[in-house]
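Visitor: Show me how the following folds:
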Amino acid sequence: MQIRQTILSLFLIFNIAQALPISATAPVTDIDKRANTKGGGGENINIQKQEKQDAKAVGKAEKGTTAQFDKAKGTLLNTIDDGEKVREKNQKNADKNNKGLVAGLDKVQNAQETEQKLAESLTGGNSKSDKKTLKTLQSDFSSGIKQNEENEKLAKQGSKGKKGN
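Guide: From the prediction side, this is the model:
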């Protein structure tokens, strides 16, 4: 009987010890923000891949009718807008102590503003200026993918990331 009580007592103590809270290594808000920002960069990468496809479609529509061009340009502008919304959400959820991530998201914001203006400037008619603008947009979208990949890494590292911290 004594052995049984001893074993049950040890088992009870062990279970109580397991149930006790332990101190977190990072503030809970940091963990929440890191989790909220993760995936946002990936979502933005997918949107930028779509922007590249949409810009290619605009290039093809340059040789078509005005209606085809307007539709393709509208699709591109909508996709750029979708990317801006994701970036805004990422900026809102980003850990402000993660200086590298904050700076990276600011860089994306500036690039998106430029992309928006470039896309709005497209006029159709297969002009030389449109060809140049579309080439610039393709390059900008590729650079944006790289920046968002970096932002995704920084978000996963949290405020302990190396860049700017």
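
Visitor: tell me which element the nearest residue to residue 58 once chain neighbours are set aside falls in.
Guide: Spatial nearest neighbour of residue 58, chain neighbours left out: residue 72 (4.4 Å); criterion: Cβ to Cβ, 6 or more residues apart in numbering. C-beta: built from backbone N, CA, C; applies to glycine. Applying DSSP states H and E as the criterion places residue 72 in helix 66-93.

Visitor: Tell me the buried residues in the longest helix along the chain?
Guide: Across the chain, the longest stretch assigned as helix under DSSP state H is helix 128-157. Using 16 or more other Cβ atoms under 10 Å as the test for burial, helix 128-157 gives 130, 133-134, 137, 140-141, 144-145, 147-148, 150-155, 157.

Visitor: picking up where we left off before, show me what the helix or strand following the helix holding residue 72 is packed against.
Guide: Next in sequence after helix 66-93, counting helices and strands by DSSP H and E, comes helix 99-121. Applying 3 or more Cβ pairs under 8 Å, 6 or more residues apart in numbering; DSSP states H and E, one finds that helix 99-121 makes contact with helix 40-61, helix 66-93, helix 128-157.

Visitor: Of all the ones you listed, which one comes closest to residue 104?
Guide: Residue 104 sits nearest to helix 128-157 of all those, at 4.2 Å, using Cβ to Cβ.

Visitor: Just the mean pLDDT for the closest one, thanks.
Guide: Across helix 128-157, the average pLDDT comes to 95.

Visitor: Just give me how far that helix sits from the chain centre.
Guide: 12 Å (Cα atoms, centre = their mean, to the nearest Å).

Visitor: okay, and for the protein, where does confidence drop off?
Guide: 1, 7-41, 159-165 (pLDDT under 70).

Visitor: Give me the phi and psi for residue 127.
Guide: Backbone torsions for residue 127, taken as degrees, to the nearest 10, come to phi -80, psi 160.

Visitor: give me every residue that touches it.
Guide: residue 62 (Cβ atoms under 8 Å, 6 or more residues apart in numbering).

Visitor: got it, and residue 111?
Guide: Counting by Cβ under 8 Å, 6+ apart, residue 111 has contacts 140, 143, 144, 147.

Visitor: Now distance to residue 96 too, for the residues you listed, in CSV please.
Guide: CSV is the format used below for the contacts of residue 111 (distance: Cβ to Cβ, whole Å):
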residue, distance to residue 96
140, 27
143, 25
144, 22
147, 19
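
Visitor: Can you tell me which of the residues you listed lies closest to residue 47?
Guide: Closest to residue 47, out of all of these and judged by Cβ to Cβ, is residue 144, at 9.2 Å.
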